[in-house]
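Novice: here you go, sequence then predicted model.
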Amino acid sequence: MPVVRRHLGQEPLPAHIWEAAISSRHIPEEGRTAAQREALATAERLAAELQRATSAVLAMPLYNFGVSQHAKTWIDLAIAGTPQGIRLLEGTPTVLVTTRGGAYGPGTPRAGWDHNIDYLRRILVDIWGADLTVVEREFTLVGVNPALDEFTEMAAIMHKTAEEAAGEAGRALATRYAA
C-alpha cells in the first residue's frame with residue numbers, strides 16, 4: 001500500500017494555479033493554455049490521491065486563527081480537481097491532528113477564535129465524506145512563551161491527553177489493516 005506524504009509548509013503548492021485549474025474546466029481541452037493544463041492536472045492528481053486513500057492522517061495546526069495558506073491551497077486545488085458529485089474521502093478513516101499555541105476552548109479569552117476545526121470538519125466530513133477522528137492539543141507554546149508559564153501543569157495534562165488520543169487513533173488505523 002503506497003504512502004503519500006505532503007509537507008505543505010516545506011513544499012507548498014503554488015497558490016496561483018488554483019485560478020487556472022478552475023477556469024480551465026470551462027474551456028475545451030484544445031483551447032487551454034499549457035499553464036491551464038498543468039494546473040488542472042495538478043488539481044486532478046491531488047483529488048485522485050485523496051480518492052485512492054484507504055486512510056488519511058492530516059496534521060494541520062491553527063495558524064493565525066484558521067488554516068494555513070498552504071493547507072487552503074491544497075484543499076482548493078483538490079476540490080478543483082474533483083469530478084462533480086464525488087466525495088473524495090467517502091467513508092475513509094481520517095485522523096485530523098491539530099495544535100494550538102494558546103487556549104481557545106469554552107471559557108477562555110479566545111473561545112470562538114479557532115476558525116480551523118469547524119472549517120476542516122466542513123471540508124473533510126460534509127464535502128469529502130471522511131470518517132473523521134479529531135485529535136486536538138492546546139497550549140503548545142507553554143514553555144516557549146513566558147506569558148503562559150502559569151499554565152504548565154494544564155499544558156502537561158493536555159499533552160498527555162492528546163498523546164493518548166493520537167495513540168488510540170493510530171491503533172484503530174493499524175487494527176483496520178492488520179487483518
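Specialist: Alright, I've got the coordinates.

Novice: CA atoms for contacts and neighbours, from now on please.
Specialist: Noted.

Novice: give me every residue that touches residue 63.
Specialist: 100, 116 (CA atoms under 8 Å, 6 or more residues apart in numbering).

Novice: pLDDT at it, what is it?
Specialist: With respect to pLDDT, residue 63 scores 90.

Novice: mind checking how far it is from residue 128?
Specialist: Between residue 63 and residue 128 the distance is 22 Å, computed by CA to CA, to the nearest Å.

Novice: can you give me the strands in this structure?
Specialist: 56-59, 93-99, 131-137 (DSSP state E).

Novice: now the ones you listed in JSON lines, with mean pLDDT and mean neighbour count?
Specialist: Shown next, in JSON lines, are these (pLDDT from 0 to 100; neighbours: other CA atoms under 10 Å):
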{"stretch": "strand 56-59", "mean pLDDT": "96", "mean neighbour count": "16"}
{"stretch": "strand 93-99", "mean pLDDT": "97", "mean neighbour count": "20"}
{"stretch": "strand 131-137", "mean pLDDT": "96", "mean neighbour count": "19"}
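
Novice: just so I know, which of those lies nearest residue 87?
Specialist: Judged by CA to CA, the one of these that comes nearest to residue 87 is strand 131-137, at 11.7 Å.

Novice: gap between the closest one and the chain center?
Specialist: Mean C-alpha position of strand 131-137 versus that of the full chain (CA atoms, centre = their mean, to the nearest Å) differs by 11 Å.

Novice: export it to PDB, keeping only CA atoms.
Specialist: Extracted in PDB, the C-alpha atoms of strand 131-137 (Å, rounded to 0.1, in the frame of the first residue of the first chain):
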ATOM      1  CA  ASP A 131     -15.000   9.100   8.800                       C
ATOM      2  CA  LEU A 132     -13.200  11.700  10.900                       C
ATOM      3  CA  THR A 133     -11.400  11.500  14.300                       C
ATOM      4  CA  VAL A 134     -10.000  14.700  15.600                       C
ATOM      5  CA  VAL A 135      -7.000  14.900  17.900                       C
ATOM      6  CA  GLU A 136      -6.500  18.300  19.400                       C
ATOM      7  CA  ARG A 137      -3.800  19.800  21.500                       C
END
